[in-house]
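Engineer: fold the following for me, if possible:
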Amino acid sequence: MADLKILVTGAAGYIGGSVVATLISEKTHFPKNKVFAAARTEEQVQALQPLGINVLHLNLQDEQEVAEAIFQNEIDLVIHTASSIEAQLALHLISALGKRRASSVTTGYSKEGGWPYGTIKDGDQVYKLEKELNDGFPIRVTNTAITELAQKQGVTSFIVGVPFVYGTGTGQWKKLSQNIPAIVKASMKLKTVYKFDDNSNFITVHISDLADYYVLLVKKIMQGEKLPSGEVGYYFAVAHEAGWWAMIESLTTVLHARGLVTQPTAQIWTSDDMAAETLVLPRQYVRLMHTARVTIDYKNGFPLGWQPKWNEQKFLASMDEEVSATLQYDRGRTTLFDTLKPMN
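Structural biologist: Numbers count the residues shown, from 1 in each chain. Presented below is the predicted three-dimensional model:
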């Protein structure tokens, strides 16, 4: 399986771009002629072409277009980072792979996100729990849809649970996540840093460690390792925990020292409506995204032999880098959440 052709969707995005950069940095494992990158716009295609890989201008919402791309380029493996919210995008890819014979976020596994089962770990029967819950949470809907269609199509699927991601990406186009930059921009606009009244720990990962995780998983697949997949193929890319208020305090110190906010201490959001409007996030998810506590059990070590380099101490000490990156690389509002609908 060492000669697989790999397609990365969302290759102009924050995670996908960093995954592509990590793949091609290991030339002996991933020759550039075997790496394919999908991008939505011609501008993004032009930005990716200097990498020397195969760049596809691909509309993942078009099932026929996706099928043709998979067939014509003889794609064997897809790393799908384009969206964990729009399930249909992943289903088009799986259908195409099946005929030729998949990122997720982790807030859906928090109490605040409606997850009633508590701590989880790799190897747990997460699919069965999600199926049993059947509550319409977007990420869980996508996960179960992927698992079920992959089984029907004879496609091996893996769900990678992605937590809060930070750090500057290494891709050609989008360098930043939605998370910290949204807080930085909101704080600069209001001249004050705000936080929610709920404090807890959250799970997180640096973008470089996350990209390494994806590539490690692909390597093990190529080496023929028999990894849990399908209903038991859930992998949580969690490097460490951090405190919501601890992060905000570190960020406040940096922003105040730079003269970007006038208040030396963080204030409490007066309402979720205020937070959503200022952070430019969906009202029904804004508190969840900034207060959720998800617990992942890694008492026996990290999955797959993964060795993340970042920890809580390095994270909290990196807020000046986060501010600098926001000022340098921010490309404006993300469209990631535009398809979200309020849950019933």
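Engineer: and for the nearest residue to Phe164 once chain neighbours are set aside, the neighbour number?
Structural biologist: Spatial nearest neighbour of Phe164, excluding adjacent residues (CB to CB, 6 or more residues apart in numbering): Thr204 at 4.2 Å. (C-beta placed from N, C-alpha, C; glycine too.) Close neighbours of Thr204, defined as other CB atoms under 10 Å, add up to 24.
Engineer: just Thr168 next, same as before
Structural biologist: If you count neighbours by other CB under 10 Å, Thr168 ends up with 21.
Engineer: that one looks like it's in a strand, true?
Structural biologist: No: counting by DSSP: H, G, I helix; E, B strand; the rest coil, Thr168 is located in no strand; its state is coil.
Engineer: next up, the contacts around it.
Structural biologist: If you count contacts by CB atoms under 8 Å, 6 or more residues apart in numbering, Thr168 has them with 175-176, 207, 321, 325, 329.
Engineer: what's the distance between it and Ile183?
Structural biologist: Computed as CB to CB, to the nearest Å, the Thr168 to Ile183 distance reads 16 Å.
Engineer: before we move on, back to that, among the contacts of Thr168, name the buried ones.
Structural biologist: Buried members of those, scored by 16 or more other CB atoms under 10 Å, are 175-176, 207, 325.
Engineer: what stretches of the protein score poorly on pLDDT?
Structural biologist: Scanning the chain for pLDDT under 70 picks out 1-2, 101-117, 120-139, 298-300, 332-344.
Engineer: at 80 what do you get?
Structural biologist: The chain contains residues with pLDDT under 80 at 1-3, 84-85, 101-141, 294-301, 331-344.
Engineer: surely Asn205 and Phe236 touch.
Structural biologist: Not Asn; residue 205 is Val. No: the criterion here is CB atoms under 8 Å, and Val205 misses it with Phe236 at 9.6 Å.
Engineer: so what sits against both of the two?
Structural biologist: What both Val205 and Phe236 touch, as defined by CB under 8 Å, 6+ apart, is the set Pro163.
Engineer: who touches Leu58 in this structure?
Structural biologist: Contact analysis of Leu58 by CB under 8 Å, 6+ apart lists 9, 38-40, 65-66, 69.
Engineer: in ChimeraX, select just the buried ones from the residues you listed.
Structural biologist: To isolate the buried members of the contacts of Leu58 in ChimeraX, using 16+ other CB under 10 Å:
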select :9,38,39,40,65,66,69
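Engineer: in helices, which of the contacts of Leu58 fall?
Structural biologist: Among those, the members found in helices (DSSP state H) are 65-66, 69.
Engineer: now, among the residues you listed, which is nearest to Leu316?
Structural biologist: Val66 (41.3 Å; CB to CB).
Engineer: which strand or helix spans the closest residue to that closest one other than its chain neighbours?
Structural biologist: Among residues not flanking Val66 along the chain, His92 sits closest, at 4.3 Å (CB to CB, 6+ apart). If you go by DSSP states H and E, His92 is part of helix 87-100.
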